[in-house]
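> No sequence on hand, only this structure:
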């Protein structure tokens, strides 16, 4: 359980991960040396727009990437063991009891021809948390899981089929399934994108409450920075296969440093009513022919010579605020004052 | 904006855009090597059908020719596939019969397909309304007619010729196209781009032929290529029972039925025509599968 | 041909005469179900107007009826009862029955750019269709006009021969906007035009939409569930719930002084990004419950199953949409005594 884990060591340590996809026309170099650490009990948000590689990254943690994926380099350490090198039996044990994932579309994640109770019990039995043969214990655990998710009348829900439930309820069932068996790390891939905003509020608060109660770590994928702010201690901004900025939520929102993050924050409509809707010129680079240097260089207003040559390492600008941008390279001082860059 | 310069630049672009899409289609088609085999087979079949007189070693044997001295010879160096009971070269007769087989296939499909497609489009466009149900019930009736039995009946009433058996198959064949296109058209009909065109004020004809039909082409083309094999096989079955091309016109089905009585002694008279039928049908099937896969992956 | 000219002239005259481009009064749209006695009450008595040169925002969650409202106005359905007038003309019938010249003056942009463009037709063909239908330019000038439009919305000229599948989501939506613009409409209905797009692309599209509106003096009926977006583009906002308008007010009033508990709930649920936005949220109402099915609308006020401030009257009597402050309408019993 979580309290046994060392609070100072990361529970998940992704080191220099490279992932390619085989596609018609060649290889797509999607993930480009990504590194990420998640500590026990920490909630991080992986924020990025479509096509930046966030789903690919988390799918690699559970090793559920599609056939065409190749992992030429890097490691994913879970409790000091490399998931990429684990044997099937060990991996299954980790998947059963320690890691879990919630997906974007709860309708697709639930089997339409089985009742909710059947699917929940199935998972509980598979995870071997209680004695398989003791049907009452399995049923009690399932009902308890639903109760924990604030489902009204859990016994009746057990008998229902997914199509009889609303979108919010289905997602709660998926959360119940994930929490019934996982103990250490929960990955949620855009869990509320398909839900109404009031239901989104309820479901997100539920996820936050339950993971905090159990001391679990959370990796939340979202394209909404507002959702990230609400849920996460730490926000990681992804662009084209790399994490370009990684900092505590408050810091990154008050003071975004990477030009992409700044562009993103400027594009978001604000309740203050003075949004500028600047947008970011250009589009994502081709993954088949990615630029050798920084992948944001062709859209960046502050692009310099070093940006095009080599991919920038992550620079620490203080208090754990990491930015992968040469503007913050203290040794080469491209940035003399905030906002003014020198050639 | 300088229109003249940009227009000419753009005209070039449209030609190169078309060539690019041809290249891309070929890439997708040729990924499956077996489909390419099918394509090669189809090309050969078509060539043989168009120019039999240049390929067959004994073109005159295709007509009423007798040479009883060389009758019933097994395959040898002069007559590669042997000779039949009147001394005609089996290989040459097989080559000349390709034309009749292809005519059967092309004829039926070129008549059945347009009729079926138009019926299917109308039924799909009006899907949910009374007229659509009427059309589809008529389609159901025609689908339940057994083509072969109908052909037999037609040939019994009229004279047994290639043309008549073609007509007999066409009578029920169009209904398959109608049903296929109805399925696609009725789902396309509810798409937002069709609704957009309607809201803009487009005429019914435009919606049916310029918005819905282009989205049905892939299923239609796939079916047409796959149908070639099936119809040719049907044609051979009809001529096997004597309802196709009449002698002395060479026909694969007729050759099989004549040689069938002489099995197992003059085995070459049955086996080779039957193998030819199989190869033609197989080529079209492989080619058709390849087309189907190519069009399906295009949509994905 | 002459009939068209006459109708066009009448419409032009009307445009100048009428303050209200679109008037909706007591509109109801019910859909039949297999059960003869049950209806899906998608729109259940709404009234609002869209004035000249303004952006009216329609906000609400799924099942609120906002998309159905858009589709009814544009003519995908006929109405069940009530009155819908566009430029003074009755448009209660579906699009097919409407006079052709009228279709030029109102256009719609759909939510999903992937399905609103025919995948088998090139961009040039898609954009020339409305020009051809309404004979806006002679055939020789078609390509020129299409290219002008593409330039206007910021599409690169090489898209002309491309198929929609080779364009990105943002570009496809620009094509849909250009298509709506071809006939120079007075009113554009935009049904969640950017909900399917990334935020950086959304910003670009919103910029273009605002610029176009300014340039061509159009009115927008803008539908979205994104409240922060609404705050920045709408002049007046109406919030819908289960087929009725719960509150309608000028934007600033709507966000700073919301009256209806549902409005408060929705504003409280917005995942804001900045501290200063947090401070702008007036009252915090915790979101609870879920929207009932539109087949089975609760008796009394339809929001009573989720309302934190309900009392006895709310369970028996449905409140009417009443003007409580100048141009600020709300449908809630709490304000009954304000009259």
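Done, it's in. This structure is a prediction, so every number in the text was calculated from the model and none was measured. Residues are numbered from 1 along each chain as shown, chains lettered A, B, ... in the order given.
> what's the next secondary structure element after the helix or strand harbouring residue B:54?
Element membership of residue B:54 [criterion: DSSP states H and E] is helix B:52-55. Next in sequence after helix B:52-55, counting helices and strands by DSSP H and E, comes helix B:90-125.
> Relative to the whole chain's centre, how far out is that following helix?
Relative to its chain's centre, helix B:90-125 lies at 5 Å (CA atoms, centre = their mean, to the nearest Å).
> in what helix or strand does residue C:272 lie?
Secondary structure from DSSP H and E places residue C:272 outside every helix and strand.
> coming back round to it: so for the helix holding residue B:54, mean pLDDT?
In this model, helix B:52-55 carries a mean pLDDT of 84.
> Now do it: which elements does it pack against?
Helix B:52-55 is packed against helix B:90-125, with contacts defined by 3 or more CB pairs under 8 Å, 6 or more residues apart in numbering or on different chains; DSSP states H and E. All C-beta atoms are positioned from the backbone trio N, CA, C, and that covers glycine.
> wait, does the helix it packs on contact chain C?
No - applying CB under 8 Å from any CB of the partner chain, one finds helix B:90-125 separated from chain C by no less than 12.9 Å.
> which parts of that helix are buried?
The neighbour-count check on helix B:90-125 (16 or more other CB atoms under 10 Å in any protein chain shown) flags B:90-109, B:111-113, B:116-125 as buried.
> Chain A contacts on the stretch 151-300 of chain C?
C:168, C:198-204, C:206-207, C:210, C:225-229, C:231-232, C:251-252, C:255, C:265-266, C:268-277, C:280-281, C:287-288, C:290-291.
> show me what contacts the closest residue to residue C:255 other than its chain neighbours?
Once flanking residues are discounted, residue C:255 sits nearest to residue C:231: 5.6 Å by CB to CB, 6 or more residues apart in numbering or on different chains. Contacts for residue C:231 (CB atoms under 8 Å, 6 or more residues apart in numbering or on different chains) come out as A:269, A:270, A:271, A:273, C:251, C:255.
> element containing residue C:231?
Assigned by DSSP H and E, residue C:231 belongs to helix C:227-233.
> could you point out which element follows that helix?
strand C:236-241.
> Just the residues of the stretch 151-300 of chain C next to chain A: which are in helices?
In helices, defined here by DSSP state H, the members of those are C:199-204, C:206-207, C:210, C:227-229, C:231-232, C:251-252, C:255, C:265-266, C:268, C:275-277, C:280.
> filter the residues you listed to the buried ones?
Buried subset of these (neighbour count, 16+ other CB under 10 Å): C:199-204, C:206-207, C:227-229, C:231-232, C:251, C:255, C:265-266, C:268, C:277, C:280.
> tally of neighbours for residue 141?
Just so you know, I chose chain A. By other CB atoms under 10 Å in any protein chain shown, 21 other residues sit near residue A:141.
> Actually, chain C is the one I wanted.
For residue C:141, using other CB under 10 Å, the count is 13.
> Quick check on it: phi, psi?
Note on residue C:141: backbone dihedrals following degrees, to the nearest 10 are phi -100, psi 0.
> So for it, what's the pLDDT?
You'll see residue C:141 listed with a pLDDT of 89.
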